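In: From the sequence below, what's the structure:
(one chain, ligands or ions: 1)
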Amino acid sequence: MRPTPHTDGPPPRRRRSWASAAALLGLTLTLAVTGTAAAGPVTDRATPAKATETRTAEAGTTETRPMAVLFEDTFDGPAGSAVDGRKWQMEIGDNSGNNHERQYYTPGNANAALDGNGNLVITARKENPGNYQCWYGRCEYTSARMNTAGKFTTTYGRIEARIKIPRGQGMWPAFWMLGADIHNPGVGWPNSGEIDIMENVGYAPGTVHGTIHGPGYSGGEGIGAAYTLPNGRAFADDFHTFAVDWAPNSITWSVDGQVYQRRTPADLGGKRWVFDKPFFLILNLAVGGDWPGLPDNSTVFPQRMVVDHVRVTGGDSGGGSGRTGTITGLAGKCLDVAWANNANGTPVQIHDCNGNAAQQWTVGGDGTIRALGKCLDVSGAGKADGTPVQLWDCNGTPAQQWVVTPARDIVNPNADKCLDVKDNNSANGTKTQIWTCSGTANQKWNTP
Ligand SMILES: [Ca+2]
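Out: Got it, this is the predicted structure:
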């Protein structure tokens, strides 16, 4: 049951590629309808006017209260390094020709590398050093696309990235998320849901788009809005922070803290809100395609999508994404990550409360309990009495689902067992495990 946390191969091909095709085509159509599209092939105009509303920034900024960091990549490291494989997997190939994109996504550091100054750079080049074959023949461009599937997911929280996008006709950078159950039989896209935090097409350099897609509101009926910089400025001129603040029944988009869109189930006309479950993150730079159109003689290569950081924070009780604080148990001791080490597999124990971050837990609205950016996890998704409880990358599996009961039990429903201090021993360093719920003091916890 334990998901392999360090897979290096390409993700399986799946409908989500089509998902983005349909989704992005929807935005194409909308732009055509609203008349803001200046270029690019448009083949269908039957888009509901509701799909995109262009709004200027509303008054007010997003919240700045401190929240627990669930995921962070600041892209620090030596110039030329590939991205951290513990956090990201590279997608390889031509995206199955979806959206009629023209790039070939390469693995390793060929088109996605750290710059040595704390940034990830995704580079789109007009080249084909590997004689890559694309859906339309010999590939004309290389680029990169990466995701956190199987490595990190989140339900709710603030998901943000600080990015300096590329420029030019045919460029199509994106920062977005897909429901982690997209692979599940009977789910698939669009039931799995898609949250597009930021998309830009090169012919509209001052505008970005935020969109949600789900059952009955995918493709041309995706629901979104656009944000346009004032005074004719281009997003490629500077870094900007693109974010969603995601809570139960609410997703709010912002650029540099300026809120420009909020969506709730009330926007769906009775259709199903599919944003109450884990999603994974995606960064990519596509070249060409139905929405952006092809590069032309004006397009300068290479183009660079520069990412300063990607960060997911949560644990803000006001935002509904969780409650953060200590969890105390037997003899008043604190639930504690051993050695304050956030490596996968680190035991979770009890220890005197000391104010350390290793004792700060977020009881999430998504059923996870998190510390040091990782999740409280039943080893191997075990169900037997005595299975150790550890810290592991949050991965959306049942091994990381917990229910805090009114009786102060912390139950893992997958095992139908309680979080338990081993041998009812209150000594510092005593490990935790799961055990049949028995109502004893070593299974009683006070949560934030
Ligand atoms: Ca950075």
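In: Show me the strands in the stretch 251-400 of the chain, by range?
Out: Along the stretch 251-400 of the chain, counting by DSSP state E, counting those that start in this stretch, strands occupy 258-263, 279-287, 303-314, 323-325, 334-337, 348-351, 361-363, 369-371, 374-378, 389-392.
In: So which other helices or strands are in contact with the fifth one?
Out: Spelled out, that is strand 334-337. On a contact count with 3 or more CB pairs under 8 Å, 6 or more residues apart in numbering; DSSP states H and E, strand 334-337 meets strand 348-351. The way it works is simple: take the backbone N, C-alpha and C, and place the C-beta from them, glycine included.
In: what does the average pLDDT come to for the strand it packs on?
Out: Averaged over strand 348-351, pLDDT sits at 98.
In: Go through the strands of the stretch 251-400 of the chain and name the closest to residue 129.
Out: Minimum separation from residue 129 across the strands of the stretch 251-400 of the chain (CB to CB) falls at strand 279-287, 15.4 Å.
In: Just want the angle from the closest one to strand 303-314.
Out: On the basis of axes from the mean of the first three to the mean of the last three CA atoms, to 10 degrees, strand 279-287 is oriented at 170 degrees to strand 303-314.
In: So what's the gap between strand 279-287 and the chain middle?
Out: How far strand 279-287 lies from its chain's middle: 9 Å, per CA atoms, centre = their mean, to the nearest Å.
In: Pull out the CA atoms of that strand and give them to me as PDB.
Out: Written as PDB, here are the backbone C-alpha positions of strand 279-287 (Å, rounded to 0.1, in the frame of the first residue of the first chain):
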ATOM      1  CA  PHE A 279      -4.900  18.100  -5.700                       C
ATOM      2  CA  PHE A 280      -1.300  18.000  -7.000                       C
ATOM      3  CA  LEU A 281       0.700  20.900  -8.600                       C
ATOM      4  CA  ILE A 282       1.900  21.400 -12.100                       C
ATOM      5  CA  LEU A 283       4.300  23.900 -13.700                       C
ATOM      6  CA  ASN A 284       4.800  23.900 -17.500                       C
ATOM      7  CA  LEU A 285       5.700  26.100 -20.400                       C
ATOM      8  CA  ALA A 286       3.900  24.900 -23.600                       C
ATOM      9  CA  VAL A 287       4.900  26.200 -27.000                       C
END
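In: OK, now which residue of the chain is nearest to the ion?
Out: For the chain, the residue closest to the ion is residue 118, as judged by CB to the ion, at 3.4 Å.
In: Go ahead and confirm that residue touches residue 73.
Out: No - the criterion here is CB atoms under 8 Å, and residue 118 misses it with residue 73 at 10.5 Å.
In: of the two, who's got more company?
Out: A direct count of neighbours by other CB atoms under 10 Å for residue 118 and residue 73 places residue 73 higher, at 22 against 13.
In: Skipping adjacent residues, who's closest to that one in space?
Out: Nearest residue to residue 73 in three dimensions, chain neighbours excluded: residue 310, at 5.0 Å (CB to CB, 6 or more residues apart in numbering).
In: give me every residue that touches that neighbour.
Out: By CB atoms under 8 Å, 6 or more residues apart in numbering, the residues touching residue 310 are 71, 72, 73, 160, 161, 175, 281, 283.
In: Can you tell me which helices and strands the helix or strand hosting the fourth one packs against?
Out: Under DSSP states H and E, the secondary-structure element containing residue 160 is strand 157-164. Contacts defined by 3+ CB pairs under 8 Å, 6+ apart place strand 157-164 against strand 171-179, strand 194-199, strand 240-247, strand 303-314.
In: Only whichever of the contacts of residue 310 are buried, select them in ChimeraX.
Out: With 16 or more other CB atoms under 10 Å as the criterion, this ChimeraX line picks the buried residues out of those:
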select :71,73,160,161,175,281,283
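In: now the contacts of residue 310 as TSV including pLDDT?
Out: Listed next are the contacts of residue 310 as TSV, based on pLDDT from 0 to 100:
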residue	pLDDT
71	90
72	94
73	97
160	97
161	98
175	98
281	97
283	98
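In: domains of the protein?
Out: The chain breaks down into these domains under automatic domain parsing: 15-315, 322-443.
In: Which of those domains comes out lowest on mean pLDDT?
Out: domain 15-315 (a mean of 84).
In: Now do that one: distance to the chain's middle.
Out: Its chain's C-alpha centre and that of domain 15-315 lie 11 Å apart, by CA atoms, centre = their mean.
In: ok, back up a step: got the helices and strands packed on strand 157-164 as TSV, with distance to residue 429 columns?
Out: Putting the helices and strands packed on strand 157-164 into TSV (distance: least, CB to CB, whole Å) gives the following:
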stretch	distance to residue 429
strand 171-179	39
strand 194-199	41
strand 240-247	37
strand 303-314	29
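In: Name the residues of the stretch 1-150 of the chain found near the ion, please.
Out: Counting by CB under 5 Å from the ion, the stretch 1-150 of the chain comes close to the ion at 74, 75, 118.
In: what's the last one in contact with, if anything?
Out: Meaning residue 118. Neighbouring residues of residue 118 by CB under 8 Å, 6+ apart: 74, 75, 76, 308.
In: Now list the buried members of the residues you listed.
Out: So, by 16+ other CB under 10 Å, the buried ones in the contacts of residue 118 are 75, 308.
In: Now intersect the contacts of residue 118 with the helices, please.
Out: Residues of those located in helices (DSSP state H): none.
In: quick check, nearest of the contacts of residue 118 to residue 129?
Out: residue 75 (24.2 Å).
In: what residues are up against the closest one?
Out: Taking CB under 8 Å, 6+ apart as the criterion, residue 75 is in contact with 83, 114, 115, 118, 119, 120, 307, 308, 309.
In: Could you measure from it over to residue 422?
Out: Counting by CB to CB, to the nearest Å, the separation of residue 75 from residue 422 is 40 Å.
In: what does residue 231 give?
Out: Taking CB to CB, one finds residue 231 at 63 Å from residue 422.
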